[in-house]
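Asks: Please work out how this folds:
(one chain, ligands or ions: 3)
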Amino acid sequence: MTDEDFDDELRLDPGFADRFERDEKKPACQLYLISPPRIDAGFAEVLKAALDAGPVAAFQLRLKGIDEHAIADLARPLQAICADKGVAFIVNDSIGLAKRLNADGVHLGQEDGDAREARQILGPQAQIGVTCHDSRHLAMEAGEAGADYVAFGAFYPTETKETKHRPELSILGWWSTLFEVPCVAIGGVTPDNAAPLVAAGADFLAVSGSVWNAPDGPAAAVKRFAAVPGMGA
Ligand SMILES: Cc1ncc(COP(=O)(O)OP(=O)(O)O)c(N)n1
Ligand SMILES: Cc1ncsc1CCOP(=O)(O)O
Ligand SMILES: [Mg+2]
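Replies: Ligands and ions are numbered 1, 2, ... in the order given. Below you'll find the model as predicted:
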């Protein structure tokens, strides 16, 4: 079944998602930071400053190409900072590492494992997120499997990851209208292009490059995100 067939089956007016308008009944959109691809010795201080600069709901440790013992060693001080600032600490890719670190949650891509298994292993309090690319079908499957959020992207070009999928903004309104599970927008999001994602219904903006590579520094970028209409604590 295609995503369009879902609209037919649900007897939806095909244009309804484009007309979705975020209003005061929907909680403010929140910032979800994804770590830089490499963590150097000074990163803990950079992270602290970024988390102090504006509201951040979550921090995901996303390190590729290094083994889990090394990631665990890098994780602990960062996890402590997040705990201190009341920011959820999410591990990318690995249910086992999330368990070992007693992280607040795990983010799973379509090849990273199953949300039901993650729930069994990590327990009812864990925040479990699932990559759904541009697919309503994957998002509904993730919701049924008990995901705490579904992630759509990449909305904009990004140098952080090679991406194949480019959802339309309307997937955010479609999801928000039909389901309670929060949705995340990811991929090339900057303070300058964030507003349409927020207006379209994103509950979280997941951001890496535009924060860590900001010319005036990560803290300034977090501050700019806080000023985007519809963003909040
Ligand atoms: C919040 C969030 N959304 C999407 C992704 C991408 O996950 P995945 O598709 O598994 O790709 P990698 O990040 O593992 O390269 C994410 N990490 N976080
Ligand atoms: C991990 C990931 N998944 C889809 S796009 C992306 C990269 C997000 O980083 P950036 O905010 O730098 O585009
Ligand atoms: Mg992954």
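
Asks: show me what contacts the residue most central in space within the chain?
Replies: The centroid of the chain falls nearest to Ala206 when counting by C-alpha atoms, centre = their mean (4.1 Å). Neighbour list for Ala206: 32-34, 60, 151, 153, 184-186, 189 [criterion: C-beta atoms under 8 Å, 6 or more residues apart in numbering]. From N, CA and C alone the C-beta is placed, and that goes for glycine too.

Asks: Which ones among those also lie next to ligand 1?
Replies: If you filter those for contact with ligand 1, counting by C-beta under 6 Å from any ligand atom, you are left with 34, 60, 151, 184, 186.

Asks: about what we covered before: need the pLDDT of the residue nearest to the centre of the chain.
Replies: On pLDDT, Ala206 comes in at 99.

Asks: Pairing partners for it in the sheet, please.
Replies: With beta bridges defined as DSSP bridges, Ala206 has these partners: Tyr32, Ile186.

Asks: tally of neighbours for Ala233?
Replies: Residue crowding around Ala233 was assessed by other C-beta atoms under 10 Å; the count is 11.

Asks: just checking, it touches Ala28?
Replies: Yes. With the criterion set as C-beta atoms under 8 Å, Ala233 and Ala28 qualify as a contacting pair; they are 6.9 Å apart.

Asks: that older thread, just put the ones next to ligand 1 among the contacts of Ala206 in a markdown table and tack on distance to ligand 2, secondary structure and pLDDT.
Replies: As requested, these are exported to a markdown table (distance: C-beta to the nearest ligand atom, whole Å; DSSP: H, G, I helix; E, B strand; the rest coil; pLDDT from 0 to 100):
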| residue | distance to ligand 2 | secondary structure | pLDDT |
| --- | --- | --- | --- |
| Ile34 | 6 | strand | 98 |
| Gln60 | 9 | strand | 98 |
| Ala151 | 7 | strand | 98 |
| Val184 | 10 | strand | 98 |
| Ile186 | 5 | strand | 98 |
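
Asks: So which of those wins on neighbours?
Replies: Ranking these using other C-beta under 10 Å puts Ile186 first, with 27 neighbours.

Asks: what residues are up against that residue?
Replies: Remark: with contacts taken as C-beta under 8 Å, 6+ apart, Ile186 is in contact with 34, 151-155, 205-207.

Asks: Tell me the confidence at the residue lying closest to Lys64 once chain neighbours are set aside?
Replies: Taking C-beta to C-beta, 6 or more residues apart in numbering, and ignoring the residues beside it in sequence, Lys64 has Pro37 as its nearest neighbour in space, at 6.5 Å. pLDDT for Pro37: 98.
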